[in-house]
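> Provided below for reference: sequence and predicted model.
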Amino acid sequence: DAVWEQRFNELLQFKKKHGHTNVPLIYEDNPQLGIWVKGQRKQRLKDLERGESLRAHRVERLNSIGFKWVLRPSRIKGWKPKSKNET
């Protein structure tokens, strides 16, 4: 889909400029990019909870550029931080 490709390319430019893919939700230089990034995370979380998956090639492409799917692990159902004794 053309919009997805456009946003992905904008994300690549953001990473080139900032060194990461953690676009703030309110990103004045490109407000739509922040919303899109949030939407990618939200959709993947919904898909994982349902046992479905965002299109695999999209996940792979986002993973290949170091995309962080989870910024706040405590929001994931069933997630617990590891204790110091766990490896």
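Nice, thanks for sending it over.

> taking the mean pLDDT, what do you get for the helix ranked longest in the chain?
Looking across the chain with DSSP state H, the single longest helix is helix 31-50. For helix 31-50, mean pLDDT rounds to 90.

> what's the next secondary structure element after that helix?
Downstream of helix 31-50, the first helix or strand assigned by DSSP states H and E is helix 56-64.

> Return the set of buried residues in that next one.
R58, V59, R61, L62 (16 or more other CB atoms under 10 Å). (Each C-beta comes from the backbone N, C-alpha and C, glycine too.)

> min pLDDT across these, which one?
V59 (87).

> ok, that residue - contacts?
R44, S53 (CB atoms under 8 Å, 6 or more residues apart in numbering).

> If we use 7 Å, what do you get?
S53 (CB atoms under 7 Å, 6 or more residues apart in numbering).

> what does E10 give?
Counted by CB under 7 Å, 6+ apart, E10 has contacts N30, L33.

> could you check the angle helix 56-64 makes with the helix or strand hosting it?
Assessed by DSSP H and E, E10 sits inside helix 2-18. For helix 2-18 against helix 56-64, the angle by axes from the mean of the first three to the mean of the last three CA atoms, to 10 degrees is 10 degrees.
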